[in-house]
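Engineer: sequence and computational prediction follow.
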Amino acid sequence: MAFVQAAAIGLIALILTPGFSFYFDVTPKLVVLLAAAGICCAGTRPAPRSTFSVLVMLSVLSLVVSTALSGSHEISAFGTNWRRYGAVTQSAILLLAWFVSAQAPRAVAMLRIVAAAGAATAIYGIAQYFGWDPILPAGAYRVGEGVWAIVRPPGTLGYASYFATWLLFVIFLTLAIPGRWWKLAAGMSVAAMAMTGTRAAILGLAAGVAVWLLWRGWRVPRRGAAVAVALLAAAAVFYYSPAGWQLRSRARWFAEDPWGGARPLLWRDTLRMAGARPATGYGPETFGAEFPRYQSAALARAYPDFAHESPHNMFLDALAAQGIPGLALLAGLCAAGFRAAWRARRKHPATASALAAALAAGIVSQQFTGFTIPTATIFFATIALAVGLDSPEGNVRRRSLACAAPGVLLIYLAVRFAAADHALALTQRSFAAADVAGAARHYEQARIPGASSDLWYSRALVRAGQLQPAIAAGVRATRTGEDPFNAWYSLSALYAAQNDVQRAEASLRNAIHANPAWFKPHWTLARLLAMTGRAQEAAREAALAADLDGGKHAEVAATLRQIRGLLQE
(Lines give C-alpha, C1' and ligand atoms only; values in the text may rest on other atoms or scores of the structure.)
Protein backbone atom coordinates (compact mmCIF):
# COMPACT_ATOMS: atom_id res chain seq x y z
CA MET A 1 0.00 0.00 0.00
CA ALA A 2 2.97 2.33 0.50
CA PHE A 3 3.56 2.15 -3.26
CA VAL A 4 -0.05 3.11 -3.96
CA GLN A 5 0.13 6.07 -1.58
CA ALA A 6 3.41 7.36 -2.97
CA ALA A 7 2.23 6.87 -6.56
CA ALA A 8 -0.95 8.80 -5.74
CA ILE A 9 1.04 11.73 -4.31
CA GLY A 10 3.14 11.88 -7.47
CA LEU A 11 0.25 11.34 -9.86
CA ILE A 12 -1.80 14.09 -8.21
CA ALA A 13 0.94 16.52 -9.23
CA LEU A 14 1.50 15.05 -12.69
CA ILE A 15 -1.93 14.30 -14.07
CA LEU A 16 -3.59 16.49 -16.71
CA THR A 17 -6.47 15.32 -18.89
CA PRO A 18 -7.04 17.92 -21.64
CA GLY A 19 -9.82 16.86 -23.96
CA PHE A 20 -11.39 14.44 -21.51
CA SER A 21 -12.11 16.91 -18.69
CA PHE A 22 -13.31 20.48 -18.79
CA TYR A 23 -11.31 21.50 -15.72
CA PHE A 24 -8.49 19.29 -16.92
CA ASP A 25 -5.83 20.55 -14.50
CA VAL A 26 -8.00 20.33 -11.36
CA THR A 27 -10.62 17.57 -11.61
CA PRO A 28 -8.23 14.69 -12.45
CA LYS A 29 -6.13 15.60 -9.42
CA LEU A 30 -9.27 15.53 -7.28
CA VAL A 31 -10.28 12.17 -8.74
CA VAL A 32 -6.89 10.59 -7.99
CA LEU A 33 -6.95 12.00 -4.45
CA LEU A 34 -10.45 10.75 -3.67
CA ALA A 35 -9.74 7.34 -5.16
CA ALA A 36 -6.45 6.97 -3.29
CA ALA A 37 -7.96 8.06 0.02
CA GLY A 38 -10.89 5.72 -0.56
CA ILE A 39 -8.65 2.75 -1.30
CA CYS A 40 -6.63 3.45 1.83
CA CYS A 41 -9.79 3.65 3.95
CA ALA A 42 -11.17 0.44 2.52
CA GLY A 43 -8.04 -1.68 2.49
CA THR A 44 -5.31 -0.30 4.77
CA ARG A 45 -4.59 -0.54 8.46
CA PRO A 46 -5.08 2.82 10.20
CA ALA A 47 -2.10 4.62 11.63
CA PRO A 48 -1.17 4.20 15.29
CA ARG A 49 -2.92 6.40 17.83
CA SER A 50 -0.96 9.61 18.35
CA THR A 51 -1.28 13.36 18.78
CA PHE A 52 -1.18 13.55 15.00
CA SER A 53 -4.19 11.24 14.72
CA VAL A 54 -6.13 13.38 17.19
CA LEU A 55 -5.26 16.54 15.26
CA VAL A 56 -6.38 14.92 12.00
CA MET A 57 -9.73 13.87 13.46
CA LEU A 58 -10.29 17.28 15.07
CA SER A 59 -9.44 18.98 11.77
CA VAL A 60 -12.02 16.88 9.95
CA LEU A 61 -14.56 17.73 12.66
CA SER A 62 -13.74 21.44 12.32
CA LEU A 63 -14.29 21.21 8.56
CA VAL A 64 -17.66 19.55 9.10
CA VAL A 65 -18.80 22.21 11.59
CA SER A 66 -17.65 25.11 9.40
CA THR A 67 -19.35 23.58 6.37
CA ALA A 68 -22.60 23.05 8.29
CA LEU A 69 -22.61 26.71 9.36
CA SER A 70 -21.52 28.04 5.98
CA GLY A 71 -23.68 30.28 3.84
CA SER A 72 -23.08 27.94 0.89
CA HIS A 73 -23.07 24.30 1.97
CA GLU A 74 -22.35 22.81 -1.45
CA ILE A 75 -19.38 25.05 -2.20
CA SER A 76 -17.97 24.53 1.28
CA ALA A 77 -18.34 20.77 0.93
CA PHE A 78 -17.02 20.28 -2.60
CA GLY A 79 -15.02 23.43 -3.31
CA THR A 80 -14.80 25.93 -6.11
CA ASN A 81 -14.05 25.13 -9.72
CA TRP A 82 -10.60 26.75 -9.62
CA ARG A 83 -9.12 24.45 -6.96
CA ARG A 84 -11.79 22.07 -5.52
CA TYR A 85 -10.45 22.52 -1.99
CA GLY A 86 -13.68 22.06 -0.05
CA ALA A 87 -14.26 20.08 3.13
CA VAL A 88 -14.45 16.74 1.28
CA THR A 89 -11.12 17.35 -0.45
CA GLN A 90 -9.39 18.53 2.70
CA SER A 91 -10.72 15.58 4.68
CA ALA A 92 -9.48 13.19 1.99
CA ILE A 93 -6.01 14.79 2.12
CA LEU A 94 -5.90 14.48 5.90
CA LEU A 95 -7.08 10.86 5.79
CA LEU A 96 -4.50 9.99 3.14
CA ALA A 97 -1.79 11.60 5.29
CA TRP A 98 -3.04 9.64 8.31
CA PHE A 99 -2.56 6.37 6.42
CA VAL A 100 0.80 7.53 5.03
CA SER A 101 2.11 7.93 8.59
CA ALA A 102 1.76 4.16 9.07
CA GLN A 103 4.14 3.60 6.13
CA ALA A 104 7.05 5.59 7.55
CA PRO A 105 9.35 2.51 7.70
CA ARG A 106 9.14 2.54 3.90
CA ALA A 107 9.70 6.32 3.71
CA VAL A 108 12.77 6.24 1.46
CA ALA A 109 11.09 3.91 -1.05
CA MET A 110 8.05 6.19 -1.08
CA LEU A 111 10.22 9.27 -1.56
CA ARG A 112 11.86 7.70 -4.60
CA ILE A 113 8.48 7.61 -6.34
CA VAL A 114 7.67 11.19 -5.32
CA ALA A 115 11.12 12.35 -6.46
CA ALA A 116 10.67 10.65 -9.83
CA ALA A 117 7.36 12.45 -10.30
CA GLY A 118 9.02 15.69 -9.23
CA ALA A 119 11.80 15.23 -11.76
CA ALA A 120 9.22 14.70 -14.50
CA THR A 121 7.40 17.91 -13.57
CA ALA A 122 10.71 19.78 -13.40
CA ILE A 123 11.72 18.65 -16.90
CA TYR A 124 8.33 19.75 -18.22
CA GLY A 125 8.62 23.14 -16.49
CA ILE A 126 12.10 23.71 -17.93
CA ALA A 127 10.77 22.85 -21.38
CA GLN A 128 7.96 25.36 -20.89
CA TYR A 129 10.49 28.06 -20.04
CA PHE A 130 12.30 27.45 -23.32
CA GLY A 131 9.07 27.55 -25.34
CA TRP A 132 8.22 23.86 -25.83
CA ASP A 133 4.84 22.78 -24.51
CA PRO A 134 2.81 20.05 -26.25
CA ILE A 135 -0.03 20.18 -23.68
CA LEU A 136 -0.81 23.74 -22.59
CA PRO A 137 -1.06 26.96 -24.63
CA ALA A 138 2.11 28.94 -23.94
CA GLY A 139 0.23 32.23 -24.02
CA ALA A 140 -1.51 31.29 -20.77
CA TYR A 141 1.68 31.72 -18.75
CA ARG A 142 3.51 34.41 -20.70
CA VAL A 143 3.11 38.02 -19.56
CA GLY A 144 4.18 41.27 -21.18
CA GLU A 145 5.67 42.06 -24.55
CA GLY A 146 9.02 42.72 -26.13
CA VAL A 147 12.22 42.67 -24.11
CA TRP A 148 10.27 42.85 -20.84
CA ALA A 149 8.12 39.80 -21.52
CA ILE A 150 8.35 37.08 -18.89
CA VAL A 151 7.41 33.41 -18.81
CA ARG A 152 6.29 31.71 -15.60
CA PRO A 153 6.12 27.96 -16.22
CA PRO A 154 3.22 26.32 -14.36
CA GLY A 155 4.41 22.77 -14.99
CA THR A 156 1.45 20.45 -14.44
CA LEU A 157 0.08 22.38 -11.45
CA GLY A 158 -1.85 25.14 -13.20
CA TYR A 159 0.08 28.15 -11.90
CA ALA A 160 3.74 29.00 -11.36
CA SER A 161 3.51 29.63 -7.60
CA TYR A 162 1.88 26.26 -6.93
CA PHE A 163 4.42 24.55 -9.16
CA ALA A 164 7.29 26.23 -7.34
CA THR A 165 5.93 25.20 -3.93
CA TRP A 166 5.57 21.58 -5.07
CA LEU A 167 9.17 21.64 -6.34
CA LEU A 168 10.40 22.88 -2.96
CA PHE A 169 9.17 19.67 -1.37
CA VAL A 170 10.76 17.60 -4.13
CA ILE A 171 14.10 19.38 -3.66
CA PHE A 172 14.39 18.62 0.04
CA LEU A 173 12.68 15.24 0.15
CA THR A 174 15.10 14.04 -2.52
CA LEU A 175 17.98 14.73 -0.11
CA ALA A 176 16.81 11.78 1.99
CA ILE A 177 17.43 9.34 -0.88
CA PRO A 178 20.96 7.95 -1.27
CA GLY A 179 22.47 8.03 -4.75
CA ARG A 180 23.78 10.67 -7.15
CA TRP A 181 20.95 10.30 -9.63
CA TRP A 182 18.46 11.50 -7.03
CA LYS A 183 20.60 14.55 -6.34
CA LEU A 184 20.34 15.28 -10.05
CA ALA A 185 16.56 15.27 -9.68
CA ALA A 186 16.95 17.80 -6.87
CA GLY A 187 19.14 19.97 -9.09
CA MET A 188 16.61 19.92 -11.93
CA SER A 189 13.90 20.87 -9.46
CA VAL A 190 15.95 23.83 -8.24
CA ALA A 191 16.43 24.99 -11.83
CA ALA A 192 12.74 24.64 -12.68
CA MET A 193 11.73 26.42 -9.47
CA ALA A 194 14.04 29.33 -10.25
CA MET A 195 12.61 29.59 -13.75
CA THR A 196 9.12 30.15 -12.32
CA GLY A 197 10.34 33.46 -10.90
CA THR A 198 8.44 32.88 -7.64
CA ARG A 199 9.73 34.99 -4.75
CA ALA A 200 7.84 32.95 -2.14
CA ALA A 201 9.61 29.78 -3.28
CA ILE A 202 13.01 31.47 -3.17
CA LEU A 203 12.35 32.48 0.45
CA GLY A 204 11.15 28.95 1.13
CA LEU A 205 14.33 27.52 -0.36
CA ALA A 206 16.44 29.68 1.94
CA ALA A 207 14.37 28.63 4.98
CA GLY A 208 14.60 24.97 4.01
CA VAL A 209 18.39 25.12 3.62
CA ALA A 210 18.71 26.76 7.04
CA VAL A 211 16.59 24.08 8.73
CA TRP A 212 18.40 21.29 6.88
CA LEU A 213 21.73 22.61 8.13
CA LEU A 214 20.39 23.01 11.67
CA TRP A 215 19.08 19.44 11.77
CA ARG A 216 22.48 18.19 10.53
CA GLY A 217 24.40 20.20 13.14
CA TRP A 218 25.56 22.84 10.62
CA ARG A 219 27.94 20.34 9.09
CA VAL A 220 28.45 20.80 5.35
CA PRO A 221 30.55 18.17 3.53
CA ARG A 222 33.26 19.62 1.31
CA ARG A 223 31.77 17.97 -1.72
CA GLY A 224 28.36 19.46 -0.88
CA ALA A 225 29.85 22.92 -0.48
CA ALA A 226 31.68 22.58 -3.79
CA VAL A 227 28.49 21.49 -5.55
CA ALA A 228 26.58 24.44 -4.04
CA VAL A 229 29.22 26.91 -5.23
CA ALA A 230 29.19 25.36 -8.69
CA LEU A 231 25.41 25.58 -8.86
CA LEU A 232 25.44 29.25 -7.82
CA ALA A 233 28.07 30.00 -10.46
CA ALA A 234 26.06 28.18 -13.13
CA ALA A 235 22.93 30.07 -12.07
CA ALA A 236 24.75 33.41 -12.38
CA VAL A 237 26.05 32.52 -15.84
CA PHE A 238 22.57 31.46 -16.96
CA TYR A 239 20.95 34.59 -15.50
CA TYR A 240 23.21 36.93 -17.49
CA SER A 241 23.22 34.80 -20.65
CA PRO A 242 20.79 35.37 -23.56
CA ALA A 243 18.68 32.45 -22.29
CA GLY A 244 18.19 34.21 -18.96
CA TRP A 245 16.61 37.40 -20.27
CA GLN A 246 13.14 36.31 -19.13
CA LEU A 247 14.43 35.88 -15.58
CA ARG A 248 16.00 39.34 -15.76
CA SER A 249 12.63 40.69 -16.88
CA ARG A 250 11.01 39.01 -13.90
CA ALA A 251 13.61 40.59 -11.59
CA ARG A 252 12.59 43.98 -12.98
CA TRP A 253 9.00 43.19 -11.97
CA PHE A 254 10.27 42.41 -8.46
CA ALA A 255 11.90 45.83 -8.23
CA GLU A 256 8.73 47.58 -9.38
CA ASP A 257 6.50 45.59 -6.99
CA PRO A 258 8.59 44.82 -3.89
CA TRP A 259 5.61 44.16 -1.58
CA GLY A 260 3.93 41.37 -3.54
CA GLY A 261 1.06 43.21 -5.18
CA ALA A 262 -2.24 43.18 -3.34
CA ARG A 263 -1.14 40.89 -0.51
CA PRO A 264 -0.55 43.39 2.35
CA LEU A 265 -3.99 44.99 1.86
CA LEU A 266 -5.57 41.60 1.22
CA TRP A 267 -4.17 40.18 4.46
CA ARG A 268 -5.36 43.21 6.45
CA ASP A 269 -8.88 42.97 5.04
CA THR A 270 -8.93 39.20 5.60
CA LEU A 271 -8.15 39.69 9.29
CA ARG A 272 -11.04 42.15 9.52
CA MET A 273 -13.29 39.61 7.80
CA ALA A 274 -12.18 36.78 10.10
CA GLY A 275 -12.86 38.95 13.14
CA ALA A 276 -16.58 38.91 12.32
CA ARG A 277 -16.78 35.08 12.65
CA PRO A 278 -13.85 33.97 14.78
CA ALA A 279 -15.39 30.75 16.14
CA THR A 280 -16.36 28.87 12.98
CA GLY A 281 -15.24 30.94 9.99
CA TYR A 282 -17.26 31.19 6.79
CA GLY A 283 -16.75 27.65 5.54
CA PRO A 284 -14.09 26.21 3.23
CA GLU A 285 -13.82 27.76 -0.23
CA THR A 286 -16.35 30.55 0.42
CA PHE A 287 -13.70 33.27 0.52
CA GLY A 288 -14.41 34.47 -3.03
CA ALA A 289 -18.08 35.03 -2.20
CA GLU A 290 -17.72 36.36 1.36
CA PHE A 291 -14.59 38.52 1.16
CA PRO A 292 -15.99 41.22 -1.19
CA ARG A 293 -18.26 42.45 1.60
CA TYR A 294 -15.16 43.19 3.69
CA GLN A 295 -12.87 44.44 0.93
CA SER A 296 -11.61 47.94 1.61
CA ALA A 297 -11.88 50.82 -0.83
CA ALA A 298 -8.08 51.07 -0.76
CA LEU A 299 -7.68 47.52 -2.06
CA ALA A 300 -10.40 48.09 -4.65
CA ARG A 301 -8.74 51.25 -5.93
CA ALA A 302 -5.34 49.56 -6.19
CA TYR A 303 -6.70 46.51 -8.06
CA PRO A 304 -10.15 47.36 -9.45
CA ASP A 305 -10.27 44.50 -11.97
CA PHE A 306 -9.12 41.75 -9.64
CA ALA A 307 -11.30 39.27 -7.76
CA HIS A 308 -9.53 37.74 -4.76
CA GLU A 309 -10.28 34.03 -4.62
CA SER A 310 -8.20 33.32 -1.48
CA PRO A 311 -6.13 35.19 1.12
CA HIS A 312 -2.90 33.87 -0.47
CA ASN A 313 -1.73 32.69 2.94
CA MET A 314 -2.29 29.20 4.32
CA PHE A 315 -2.92 30.31 7.90
CA LEU A 316 -5.27 33.16 6.96
CA ASP A 317 -7.08 30.77 4.63
CA ALA A 318 -7.70 28.38 7.53
CA LEU A 319 -8.72 31.27 9.80
CA ALA A 320 -11.27 32.64 7.31
CA ALA A 321 -12.65 29.20 6.49
CA GLN A 322 -12.71 27.53 9.92
CA GLY A 323 -12.12 30.31 12.41
CA ILE A 324 -9.64 30.17 15.26
CA PRO A 325 -10.05 26.37 15.71
CA GLY A 326 -8.99 25.74 12.11
CA LEU A 327 -6.00 28.04 12.47
CA ALA A 328 -4.96 26.40 15.74
CA LEU A 329 -5.28 22.89 14.30
CA LEU A 330 -3.21 23.75 11.23
CA ALA A 331 -0.52 25.28 13.43
CA GLY A 332 -0.70 22.19 15.66
CA LEU A 333 -0.15 19.87 12.70
CA CYS A 334 2.89 21.90 11.61
CA ALA A 335 4.28 21.80 15.15
CA ALA A 336 3.67 18.04 15.33
CA GLY A 337 5.67 17.57 12.15
CA PHE A 338 8.67 19.56 13.41
CA ARG A 339 8.56 17.90 16.82
CA ALA A 340 8.50 14.44 15.29
CA ALA A 341 11.33 15.24 12.88
CA TRP A 342 13.47 16.61 15.71
CA ARG A 343 12.91 13.51 17.81
CA ALA A 344 13.60 11.18 14.87
CA ARG A 345 16.81 12.87 13.78
CA ARG A 346 19.11 10.55 15.76
CA LYS A 347 17.73 7.29 14.36
CA HIS A 348 17.00 8.65 10.89
CA PRO A 349 19.27 11.70 10.44
CA ALA A 350 19.05 12.05 6.66
CA THR A 351 15.32 11.44 6.38
CA ALA A 352 14.37 13.55 9.40
CA SER A 353 16.44 16.53 8.28
CA ALA A 354 15.00 16.31 4.77
CA LEU A 355 11.42 16.17 6.07
CA ALA A 356 11.98 19.11 8.44
CA ALA A 357 13.59 21.19 5.68
CA ALA A 358 10.78 20.42 3.25
CA LEU A 359 8.18 21.35 5.86
CA ALA A 360 9.93 24.64 6.69
CA ALA A 361 10.29 25.53 3.00
CA GLY A 362 6.64 24.74 2.35
CA ILE A 363 5.38 26.78 5.30
CA VAL A 364 7.37 29.84 4.25
CA SER A 365 6.28 29.57 0.63
CA GLN A 366 2.64 29.05 1.63
CA GLN A 367 2.63 32.38 3.45
CA PHE A 368 2.16 33.90 0.00
CA THR A 369 -0.05 31.31 -1.72
CA GLY A 370 -3.07 29.19 -0.89
CA PHE A 371 -3.13 25.41 -0.74
CA THR A 372 -4.11 23.45 -3.83
CA ILE A 373 -4.68 19.71 -3.99
CA PRO A 374 -1.08 18.79 -5.00
CA THR A 375 0.66 21.18 -2.59
CA ALA A 376 -1.62 20.32 0.35
CA THR A 377 -1.22 16.58 -0.30
CA ILE A 378 2.56 16.66 -0.23
CA PHE A 379 2.55 19.13 2.68
CA PHE A 380 0.51 16.90 4.99
CA ALA A 381 2.20 13.73 3.71
CA THR A 382 5.54 15.25 4.76
CA ILE A 383 4.18 15.84 8.26
CA ALA A 384 2.77 12.32 8.31
CA LEU A 385 6.10 10.71 7.39
CA ALA A 386 7.87 12.66 10.13
CA VAL A 387 5.27 11.55 12.66
CA GLY A 388 5.55 7.97 11.44
CA LEU A 389 9.33 7.95 11.86
CA ASP A 390 8.87 9.06 15.46
CA SER A 391 6.20 6.43 16.24
CA PRO A 392 7.18 3.23 18.04
CA GLU A 393 7.52 0.27 15.69
CA GLY A 394 4.98 -2.49 15.85
CA ASN A 395 2.17 -0.29 17.16
CA VAL A 396 -0.10 -0.89 14.17
CA ARG A 397 -3.85 -1.05 14.51
CA ARG A 398 -6.09 -3.66 12.92
CA ARG A 399 -8.28 -2.92 9.96
CA SER A 400 -11.55 -1.35 10.98
CA LEU A 401 -14.89 -1.66 9.25
CA ALA A 402 -15.57 1.93 10.36
CA CYS A 403 -13.09 3.10 7.70
CA ALA A 404 -14.75 1.13 4.91
CA ALA A 405 -17.88 3.30 4.62
CA PRO A 406 -16.06 6.61 4.04
CA GLY A 407 -13.74 4.75 1.67
CA VAL A 408 -16.62 3.61 -0.52
CA LEU A 409 -18.09 7.12 -0.45
CA LEU A 410 -14.80 8.70 -1.53
CA ILE A 411 -14.43 6.26 -4.43
CA TYR A 412 -18.02 6.96 -5.49
CA LEU A 413 -17.34 10.72 -5.45
CA ALA A 414 -14.19 10.19 -7.52
CA VAL A 415 -16.19 8.38 -10.22
CA ARG A 416 -19.00 10.93 -10.07
CA PHE A 417 -16.73 13.94 -10.43
CA ALA A 418 -14.83 12.34 -13.31
CA ALA A 419 -18.08 11.60 -15.17
CA ALA A 420 -19.55 15.05 -14.50
CA ASP A 421 -16.45 16.89 -15.70
CA HIS A 422 -16.28 14.73 -18.81
CA ALA A 423 -19.92 15.61 -19.51
CA LEU A 424 -18.99 19.28 -19.18
CA ALA A 425 -16.20 18.78 -21.72
CA LEU A 426 -18.74 17.17 -24.06
CA THR A 427 -20.98 20.19 -23.50
CA GLN A 428 -18.17 22.45 -24.67
CA ARG A 429 -17.60 20.28 -27.76
CA SER A 430 -21.30 20.40 -28.61
CA PHE A 431 -21.28 24.19 -28.46
CA ALA A 432 -18.23 24.25 -30.72
CA ALA A 433 -20.16 22.09 -33.19
CA ALA A 434 -23.23 24.39 -32.95
CA ASP A 435 -25.22 21.53 -31.40
CA VAL A 436 -27.13 23.43 -28.72
CA ALA A 437 -29.55 20.56 -28.02
CA GLY A 438 -26.63 18.17 -27.49
CA ALA A 439 -24.95 20.69 -25.23
CA ALA A 440 -28.11 20.87 -23.10
CA ARG A 441 -28.24 17.07 -22.76
CA HIS A 442 -24.61 16.82 -21.74
CA TYR A 443 -24.91 19.72 -19.30
CA GLU A 444 -27.72 18.01 -17.44
CA GLN A 445 -25.34 15.12 -16.79
CA ALA A 446 -22.63 17.55 -15.65
CA ARG A 447 -24.83 19.24 -13.06
CA ILE A 448 -24.11 17.60 -9.72
CA PRO A 449 -24.17 19.19 -6.24
CA GLY A 450 -21.13 21.33 -5.66
CA ALA A 451 -19.99 21.29 -9.30
CA SER A 452 -21.95 24.13 -10.81
CA SER A 453 -20.76 25.84 -13.99
CA ASP A 454 -24.00 27.71 -14.58
CA LEU A 455 -22.29 31.05 -15.27
CA TRP A 456 -20.06 29.52 -17.95
CA TYR A 457 -23.07 27.70 -19.42
CA SER A 458 -25.13 30.89 -19.47
CA ARG A 459 -22.43 32.77 -21.38
CA ALA A 460 -21.99 29.87 -23.80
CA LEU A 461 -25.73 29.97 -24.52
CA VAL A 462 -25.50 33.71 -25.20
CA ARG A 463 -22.77 33.09 -27.76
CA ALA A 464 -25.03 30.43 -29.32
CA GLY A 465 -27.87 32.97 -29.60
CA GLN A 466 -30.06 31.30 -26.96
CA LEU A 467 -31.05 34.26 -24.78
CA GLN A 468 -33.93 32.78 -22.77
CA PRO A 469 -32.09 29.60 -21.73
CA ALA A 470 -29.10 31.80 -20.97
CA ILE A 471 -31.19 33.88 -18.59
CA ALA A 472 -32.48 30.74 -16.84
CA ALA A 473 -28.91 29.49 -16.38
CA GLY A 474 -27.83 32.97 -15.29
CA VAL A 475 -30.50 33.06 -12.58
CA ARG A 476 -29.28 29.66 -11.32
CA ALA A 477 -25.70 30.97 -11.28
CA THR A 478 -26.64 33.66 -8.76
CA ARG A 479 -27.55 30.84 -6.33
CA THR A 480 -24.94 28.22 -7.21
CA GLY A 481 -21.91 30.21 -8.36
CA GLU A 482 -18.77 30.72 -6.33
CA ASP A 483 -18.73 34.46 -7.19
CA PRO A 484 -22.37 35.66 -6.95
CA PHE A 485 -21.45 39.28 -7.68
CA ASN A 486 -20.13 38.22 -11.09
CA ALA A 487 -23.25 36.15 -11.75
CA TRP A 488 -25.54 39.10 -10.90
CA TYR A 489 -23.53 41.45 -13.12
CA SER A 490 -23.69 39.01 -16.03
CA LEU A 491 -27.44 38.58 -15.51
CA SER A 492 -27.96 42.35 -15.65
CA ALA A 493 -26.49 42.39 -19.15
CA LEU A 494 -28.87 39.65 -20.25
CA TYR A 495 -31.89 41.57 -18.96
CA ALA A 496 -30.59 44.74 -20.61
CA ALA A 497 -30.43 42.88 -23.92
CA GLN A 498 -34.17 42.27 -23.49
CA ASN A 499 -34.78 45.93 -22.62
CA ASP A 500 -35.96 44.78 -19.19
CA VAL A 501 -34.76 47.86 -17.32
CA GLN A 502 -36.34 46.94 -14.00
CA ARG A 503 -34.71 43.50 -13.74
CA ALA A 504 -31.39 44.85 -15.09
CA GLU A 505 -31.35 47.51 -12.37
CA ALA A 506 -32.29 44.97 -9.68
CA SER A 507 -29.49 42.66 -10.82
CA LEU A 508 -26.95 45.48 -10.70
CA ARG A 509 -28.03 46.41 -7.19
CA ASN A 510 -27.69 42.78 -6.14
CA ALA A 511 -24.19 42.73 -7.63
CA ILE A 512 -23.36 45.84 -5.60
CA HIS A 513 -24.76 44.24 -2.46
CA ALA A 514 -22.57 41.17 -3.04
CA ASN A 515 -19.45 43.23 -3.82
CA PRO A 516 -19.81 46.86 -2.69
CA ALA A 517 -16.25 47.85 -3.61
CA TRP A 518 -16.35 46.67 -7.24
CA PHE A 519 -16.53 49.65 -9.55
CA LYS A 520 -18.20 47.97 -12.53
CA PRO A 521 -21.78 47.53 -11.26
CA HIS A 522 -21.72 51.10 -9.90
CA TRP A 523 -20.52 52.37 -13.27
CA THR A 524 -23.07 50.37 -15.26
CA LEU A 525 -25.88 51.35 -12.89
CA ALA A 526 -24.92 55.01 -13.28
CA ARG A 527 -25.28 54.76 -17.06
CA LEU A 528 -28.60 52.95 -16.72
CA LEU A 529 -29.94 55.57 -14.30
CA ALA A 530 -28.82 58.38 -16.59
CA MET A 531 -30.63 56.76 -19.53
CA THR A 532 -33.85 56.59 -17.49
CA GLY A 533 -33.71 60.26 -16.45
CA ARG A 534 -32.49 59.83 -12.86
CA ALA A 535 -29.44 62.08 -13.15
CA GLN A 536 -28.98 62.75 -9.41
CA GLU A 537 -28.81 59.02 -8.55
CA ALA A 538 -26.66 58.43 -11.61
CA ALA A 539 -24.17 61.08 -10.48
CA ARG A 540 -23.80 59.45 -7.07
CA GLU A 541 -23.16 56.02 -8.57
CA ALA A 542 -20.78 57.43 -11.18
CA ALA A 543 -18.79 59.28 -8.50
CA LEU A 544 -18.54 56.11 -6.42
CA ALA A 545 -17.49 54.09 -9.47
CA ALA A 546 -14.77 56.64 -10.33
CA ASP A 547 -13.48 56.57 -6.75
CA LEU A 548 -13.38 52.76 -6.56
CA ASP A 549 -11.77 52.53 -9.99
CA GLY A 550 -8.80 54.50 -8.74
CA GLY A 551 -8.31 56.24 -12.06
CA LYS A 552 -7.44 52.99 -13.86
CA HIS A 553 -10.05 53.32 -16.66
CA ALA A 554 -10.55 56.56 -18.58
CA GLU A 555 -14.08 55.59 -19.64
CA VAL A 556 -15.25 55.50 -16.02
CA ALA A 557 -14.08 59.07 -15.41
CA ALA A 558 -15.64 60.09 -18.73
CA THR A 559 -19.03 58.73 -17.60
CA LEU A 560 -18.85 60.86 -14.44
CA ARG A 561 -18.08 63.99 -16.48
CA GLN A 562 -20.95 63.29 -18.87
CA ILE A 563 -23.48 62.79 -16.08
CA ARG A 564 -22.35 65.91 -14.27
CA GLY A 565 -22.74 67.74 -17.54
CA LEU A 566 -26.37 66.59 -17.67
CA LEU A 567 -26.97 68.02 -14.20
CA GLN A 568 -25.65 71.41 -15.28
CA GLU A 569 -27.88 71.68 -18.33
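Structural biologist: Yep, that arrived.
Engineer: A336 reaches S53, doesn't it?
Structural biologist: No - A336 lies out of contact with S53 (C-beta atoms under 8 Å); the separation is 10.0 Å. Using the backbone N, CA and C atoms, a C-beta is placed for each residue, glycine as well.
Engineer: neighbour count for the two, which is higher?
Structural biologist: A direct count of neighbours by other C-beta atoms under 10 Å for A336 and S53 places A336 higher, at 21 against 17.
Engineer: residues in contact with that one?
Structural biologist: By C-beta atoms under 8 Å, 6 or more residues apart in numbering, the contact list for A336 reads T51, F52, L55, I383, V387.
Engineer: which stretches of the stretch 351-500 of the chain form strands?
Structural biologist: Taking DSSP state E, counting those that start in this stretch as the criterion, the stretch 351-500 of the chain carries no strands.
Engineer: where does it have low pLDDT?
Structural biologist: 392-402, 450 (pLDDT under 70).
Engineer: how about a cut-off of 80?
Structural biologist: 391-404, 447-451 (pLDDT under 80).
Engineer: closest to F431 out of the contacts of A336?
Structural biologist: Ranked by distance to F431 (C-beta to C-beta), the contacts of A336 are led by I383 at 44.0 Å.
Engineer: who's in contact with the closest residue to that closest one other than its chain neighbours?
Structural biologist: Closest residue in space to I383, ignoring its immediate chain neighbours: G337 at 3.5 Å, by C-beta to C-beta, 6 or more residues apart in numbering. G337 makes contacts with L355, A356, L359, T382, I383, A386, V387, as judged by C-beta under 8 Å, 6+ apart.
Engineer: got it, and F379?
Structural biologist: Going by C-beta under 8 Å, 6+ apart, F379 touches F169, L359, G362, Q366, F371.
Engineer: most surrounded residue in the residues you listed?
Structural biologist: F169 (32 neighbours).
Engineer: that one: what secondary structure?
Structural biologist: helix (DSSP: H, G, I helix; E, B strand; the rest coil).
Engineer: circling back to that earlier point, would you format the contacts of A336 as TSV with neighbour count and distance to A298 included?
Structural biologist: Supplementary listing: the contacts of A336 in TSV, determined by neighbours: other C-beta atoms under 10 Å; distance: C-beta to C-beta, whole Å:
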residue	neighbour count	distance to A298
T51	14	42
F52	27	41
L55	22	37
I383	27	37
V387	32	43
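Engineer: so the nearest residue to G283 once chain neighbours are set aside, which of the three states?
Structural biologist: Using C-beta to C-beta, 6+ apart and skipping residues adjacent in sequence, the residue nearest G283 is S70, 2.6 Å away. Three-state call for S70 (three-state DSSP): coil.
Engineer: next, count neighbours for S70.
Structural biologist: By other C-beta under 10 Å, the residues close to S70 number 24.
Engineer: residue contacts, it?
Structural biologist: Residues near S70 by C-beta under 8 Å, 6+ apart: S76, Y282, G283, P284, T286.
Engineer: just these now: which is nearest Y85?
Structural biologist: Nearest to Y85 among those: P284, at 6.7 Å, using C-beta to C-beta.
Engineer: and the contacts of A336, which is closest to K552?
Structural biologist: Closest to K552, out of all of these and judged by C-beta to C-beta, is I383, at 42.5 Å.
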